[in-house]
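Novice: Here is the input, now give the coordinates:
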Amino acid sequence: MLQDDNSKEISIRKVELVTLNEKSIIFHLKYSGEKQTKTYASIEEAKSEFEKISRRIENYFIVKSGKPLNSL
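Specialist: Now for the predicted structure:
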C-alpha cells in the first residue's frame, strides 16, 4: 500500500499521471484534479520508486484493458 506525505492512501486505480520532481513523486488523480505527493530521502531513492510505481500503473492499465498498451 502506498501512502502520501500526509499518511493518506494512494490508490493506483485513481492515478492518471505520475511525475517526478527531484525527491518527490507527484500523483495526479483522475476526475478530481487533486494531487498527492510522496517525498523520499534522496533523489536516487525517488527515481527508483518512480520506476517501480510507473510499472505498477502500466501493468494495472494492461490488465484492466485486457490488451497491450500500444493497441489502445
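
Novice: Can you give me the pLDDT of the residue most central in space within the chain?
Specialist: In the chain, the residue lying closest to the centroid (CA atoms, centre = their mean) is Val18, at 4.6 Å. Listed pLDDT for Val18 reads 95.

Novice: Over to Leu72?
Specialist: For Leu72, the model assigns a pLDDT of 49.

Novice: can you check Leu69 too?
Specialist: The model's pLDDT for Leu69 equals 56.

Novice: before we move on, back to that, how about the contacts made by the residue nearest to the centre of the chain?
Specialist: Shown in contact with Val18 (CB atoms under 8 Å, 6 or more residues apart in numbering): Ile25, Ile26, Phe27, His28, Phe50, Ile53, Ser54, Ile57. Bear in mind the C-beta positions are built from the backbone N, C-alpha and C, glycine included.

Novice: Leu2 versus the fifth one, what's the distance?
Specialist: So the one you mean is Phe50. Per CB to CB, to the nearest Å, Phe50 is found 12 Å from Leu2.

Novice: Between these two, tell me which one has more neighbours.
Specialist: Shown here are Phe50 and Leu2; by other CB atoms under 10 Å, Phe50 has more neighbours (19 against 16).

Novice: Inside helices: which ones of the contacts of Val18?
Specialist: Judged by DSSP state H, the contacts of Val18 include Phe50, Ile53, Ser54, Ile57 as members of helices.

Novice: Going through these, which ones are buried?
Specialist: Phe50, Ile53, Ile57 (16 or more other CB atoms under 10 Å).

Novice: can you pull the buried residues of the helix or strand of the chain with the lowest mean pLDDT?
Specialist: When each helix and strand of the chain is scored by mean pLDDT, DSSP states H and E, helix 43-65 comes last, with a mean of 90. Under the neighbour-count criterion of 16+ other CB under 10 Å, helix 43-65 has Ala46, Phe50, Ile53, Ile57 buried.

Novice: Only alpha carbons, please: show that helix as PDB.
Specialist: Below are the C-alpha coordinates for helix 43-65, written out as PDB (Å, rounded to 0.1, in the frame of the first residue of the first chain):
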ATOM      1  CA  ILE A  43      16.800  11.700  -5.400                       C
ATOM      2  CA  GLU A  44      18.100   8.200  -6.200                       C
ATOM      3  CA  GLU A  45      15.500   6.600  -4.000                       C
ATOM      4  CA  ALA A  46      12.800   8.700  -5.500                       C
ATOM      5  CA  LYS A  47      13.900   7.700  -9.100                       C
ATOM      6  CA  SER A  48      14.000   4.000  -8.100                       C
ATOM      7  CA  GLU A  49      10.500   4.200  -6.600                       C
ATOM      8  CA  PHE A  50       9.200   6.200  -9.500                       C
ATOM      9  CA  GLU A  51      10.200   3.400 -11.900                       C
ATOM     10  CA  LYS A  52       8.500   0.700  -9.700                       C
ATOM     11  CA  ILE A  53       5.300   2.800  -9.400                       C
ATOM     12  CA  SER A  54       5.300   3.600 -13.100                       C
ATOM     13  CA  ARG A  55       5.500  -0.200 -13.900                       C
ATOM     14  CA  ARG A  56       2.700  -0.900 -11.400                       C
ATOM     15  CA  ILE A  57       0.400   1.700 -13.000                       C
ATOM     16  CA  GLU A  58       1.300   0.400 -16.500                       C
ATOM     17  CA  ASN A  59       0.500  -3.200 -15.500                       C
ATOM     18  CA  TYR A  60      -2.800  -2.100 -14.000                       C
ATOM     19  CA  PHE A  61      -3.800  -0.500 -17.300                       C
ATOM     20  CA  ILE A  62      -2.800  -3.500 -19.300                       C
ATOM     21  CA  VAL A  63      -4.700  -5.900 -17.100                       C
ATOM     22  CA  LYS A  64      -7.700  -3.600 -17.000                       C
ATOM     23  CA  SER A  65      -7.800  -3.200 -20.800                       C
END
